[in-house]
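Colleague: With the sequence up front, the predicted model follows.
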2 protein chains.
Amino acid sequence: MGQTRITSAQVAARAGVSQSAVSRVFTPGASASPKTVEKVRQAAQELGYRPNVLARAMVSGKSRIIGLVVTYLDNQFYPIALELLSNALQARGYHILIFTAPNSTDGVEAVMQDLMDYQVDGIIAASVSMTSNLADRARAMGIPVVLFNRSQNGPGLSNVTSANVLGGRKVAAFLLAGGHRRIAHIAGWQGSSTGRDRQAGFLQALEKAGMTPSAVVDGMYKRDVAIDCARELLQADTPPDAIFVGNDHMAFAVIDELRAAGMVPGQDISVVGYDDVPLASWGAYQLTTIRQPVNRMVDSTVDLLLRQIETGVADPKTIKIEGDLILRQSAHIPKGWRS
Amino acid sequence: MGQTRITSAQVAARAGVSQSAVSRVFTPGASASPKTVEKVRQAAQELGYRPNVLARAMVSGKSRIIGLVVTYLDNQFYPIALELLSNALQARGYHILIFTAPNSTDGVEAVMQDLMDYQVDGIIAASVSMTSNLADRARAMGIPVVLFNRSQNGPGLSNVTSANVLGGRKVAAFLLAGGHRRIAHIAGWQGSSTGRDRQAGFLQALEKAGMTPSAVVDGMYKRDVAIDCARELLQADTPPDAIFVGNDHMAFAVIDELRAAGMVPGQDISVVGYDDVPLASWGAYQLTTIRQPVNRMVDSTVDLLLRQIETGVADPKTIKIEGDLILRQSAHIPKGWRS
DNA sequence: CTGAAAGCGCTTACAG
DNA sequence: CTGAAAGCGCTTACAG
């Protein structure tokens, strides 16, 4: 194998300049005469030289690597977020080192530690919660952390989510306006802030209207669990006439189950999800749902993270971005309703 | 910010040993007395020391980073493959640096170059084709490359796919046995080996049976294009009674379109896909399809790549793994058929 | 603007 | 088994 990676010293020799000169030509804030630049570029070109990013990282202390921790790659929302994050970061000269973590606390712990060992400049934790111990450690090492689609208090932690409480309220208002009176909720995992917030907003708004939900169960963000929940709701003495499901991924499962029971969503029963992943708009589901503004969530995440990295100032923020209710056929639309 | 990363020298000082001793304790093939190990571990523990992976990479020449290039994150097959690849690699002490590339040749070129700058130990290119120039360069630098779900000849290139030609043949045999006589094909992108191979096997088998397809069009692996194709096929003078679609992602689009036209897949017309992504088994689609054995594809990819990395022997292989036809309701099942 | 030199945090022969 | 030293490929004060 011809592992002959060219070094700056070799380029220097060929160009007839010092190794430092070569380094300067390849360092953005350089200072080199046009002549030097020319000679070095020429030699580098001929030799096929490219600076070693790892060596640069060692001395500069900046790896230009962002660690990303993800768990649920089966929910369409995350691959899309991942793609957008990667593109945005690449455009700014960073790259993503990816860690798929089991959602257990221990799993996340191990993975984050591993991640710090790679000297990442920053960490994005997507739908993962952190122990305060871990957050402290990252802060102690000066590694900025942004939680994506999960919100958590803690010194040094930034988080970016959609306005989940508000979203829950919107869904409740919509279903009430639709004349529904037996409204059930298959909640997102109650161990997550998104699951809790969506539920809280939803229940608040119902209560304000003097209503109580006909049932509230935890779907754990899992397809299987959501199916069981739906089945259970249908077998109750008074089955619901509407179901708010904690995310689209589970809502699809619920719709499949309702249809299997001979019901037509949008006619016999209303179903509303949360996320607006692409599949929600496909013919087979036509799911009414709250759109998570993933583009803006990604932009905020990248901005927050890179600002902290590049200025060195830890300035944790909590950002909540409002999302619209998208009307489709899975739920009855009240006359004259505008969202 | 308290960027006080502990170094091996600090641990050495506290433990009362040399810096090299510390290094040895943290190097797998070490040689250190139990006493030294004990003292060092103790001091490391107290200080919260962890070796700097980048520094280790510099001197050892092994970064334990695998570059992954992906393009289509909207097709459910890839997030799943990504997750499995990441898990398998993590289990063996490697991590994935991710690059999302536009599918253009230039885009891939830029991204791969970028990737090599990070001194990755190996590269997995998922559904991406490489210029021979690029392949040569990777080989010259001794970086093993495995193409995942794409097959391409070239010195030093390994590739892992399912048995696509065979898969195409299986679909043809199945549709013929089902009594279909106007069989159309919405092909996978003809710029890709998977698209071409599936089509080739399919056409071969039809021809052998003395049949010609009623139509063959390129769906480009894109939802929008597939929808247009389906519409076009339906408007033909003799619309098809069966459609083989180049992958599941497009097949879902085709089914949506057929239903919009009032047809029932599996009764009025048969639809067969390729991949068997999770969505294919959900109630809304019930898609008959060839299962890509993604687990085995991932295992083979990781084995091939790590063997090359760890032995240093370039031993390019082409691996094709057979996948079964999975029967569901989207296509008419011939009496007594067993796949 | 430019070169010689120190240093980033490690691993690994080399002696002992 | 263990320490002193060289070196991985760079960047960055420091003089000139």
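Modeller: Great, that's in hand. Residues are numbered from 1 along each chain as shown, chains lettered A, B, ... in the order given.

Colleague: Local confidence estimate at the residue in the stretch 101-250 of chain A positioned nearest to chain B?
Modeller: Closest residue of the stretch 101-250 of chain A to chain B, CB to the nearest CB: A:Gly142 (3.9 Å). Where you see a C-beta, it was placed from the backbone N, CA and C, and this is true even at glycine. On pLDDT, A:Gly142 comes in at 84.

Colleague: Sort out which residues of the lowest-mean-pLDDT helix or strand in chain A are buried, please.
Modeller: Across the helices and strands of chain A, mean confidence by mean pLDDT, DSSP states H and E is lowest for helix A:132-140: a mean of 79. Residues A:134-135, A:137-139 are the ones in helix A:132-140 that count as buried (16 or more other CB atoms under 10 Å in any protein chain shown).

Colleague: what does stretch A:257-270 give?
Modeller: Judged by neighbour count using 16+ other CB under 10 Å, the buried positions of stretch A:257-270 are A:257-258, A:263, A:265-266, A:269-270.

Colleague: Distance to B:Gln19 added to these, as JSON lines?
Modeller: Supplementary listing: the buried residues of stretch A:257-270 in JSON lines, determined by distance: CB to CB, whole Å:
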{"residue": "A:Glu257", "distance to B:Gln19": "62"}
{"residue": "A:Leu258", "distance to B:Gln19": "66"}
{"residue": "A:Met263", "distance to B:Gln19": "70"}
{"residue": "A:Pro265", "distance to B:Gln19": "67"}
{"residue": "A:Gly266", "distance to B:Gln19": "69"}
{"residue": "A:Ile269", "distance to B:Gln19": "69"}
{"residue": "A:Ser270", "distance to B:Gln19": "67"}
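
Colleague: what's stretch A:208-225 in contact with?
Modeller: Stretch A:208-225 is contacted from outside by A:72, A:74-75, A:172, A:176, A:181-190, A:192, A:195, A:199, A:202-203, A:206, A:226, A:229, A:232-233, A:236, A:238, A:240, A:245-247, A:249-250, A:252-253, using CB atoms under 8 Å, 6 or more residues apart in numbering or on different chains.

Colleague: picking up where we left off before, and the least confident helix or strand of chain A, anywhere near DNA strand C?
Modeller: No: no part of helix A:132-140 sits near DNA strand C under the criterion CB under 7 Å from any atom of the strand; the closest distance found is 14.8 Å.

Colleague: Quick one: name whatever helix or strand follows that helix.
Modeller: Next helix or strand after helix A:132-140 toward the C-terminus (DSSP states H and E): strand A:145-148.

Colleague: Tell me the one among the buried residues of helix A:132-140 nearest to B:Tyr274.
Modeller: Among the buried residues of helix A:132-140, A:Leu134 lies closest to B:Tyr274 (CB to CB), at 42.3 Å.

Colleague: From the contacts of stretch A:208-225, list just the buried residues.
Modeller: Neighbour-count burial (16+ other CB under 10 Å) is assigned, among those, to A:72, A:74-75, A:172, A:176, A:182-189, A:192, A:195, A:199, A:202-203, A:206, A:226, A:229, A:233, A:240, A:245-247, A:249-250, A:252-253.

Colleague: Could you list the domains of chain A?
Modeller: A:8-51, A:63-162+A:294-321, A:164-293 (automatic domain parsing).

Colleague: End to end on the last one, go ahead and measure it.
Modeller: Start and end residues of domain A:164-293 are separated by 11 Å (CA to CA, to the nearest Å).

Colleague: just to revisit the earlier point, so which of the contacts of stretch A:208-225 sit within helices?
Modeller: The helices, defined by DSSP state H, take in A:172, A:176, A:195, A:199, A:202-203, A:206, A:226, A:229, A:232-233, A:249-250, A:252-253 from the contacts of stretch A:208-225.

Colleague: Now cross-check the residues you listed against chain B and list the overlap.
Modeller: The residues of these that also fall near chain B, by CB under 8 Å from any CB of the partner chain, are A:252-253.

Colleague: quick one: which of the ones in helices among the contacts of stretch A:208-225 is nearest B:Leu166?
Modeller: A:Phe252 (32.0 Å).

Colleague: residues from the stretch 151-300 of chain A in reach of chain B?
Modeller: Residues of the stretch 151-300 of chain A found near chain B (CB under 8 Å from any CB) are A:252-253, A:255-257, A:259-260, A:278-279, A:282-285.

Colleague: pLDDT score for the residue in the stretch 151-300 of chain A positioned nearest to DNA strand C?
Modeller: Per CB to the nearest atom of the strand, A:Gly156 is where the stretch 151-300 of chain A lies closest to DNA strand C, at 21.3 Å. On pLDDT, A:Gly156 comes in at 82.

Colleague: and if you look at the one 4 residues further on?
Modeller: According to the predicted model, the pLDDT of A:Val160 comes to 97.

Colleague: ok but it is inside a helix, no?
Modeller: No: going by DSSP: H, G, I helix; E, B strand; the rest coil, the assignment for A:Val160 is strand, not a helix.
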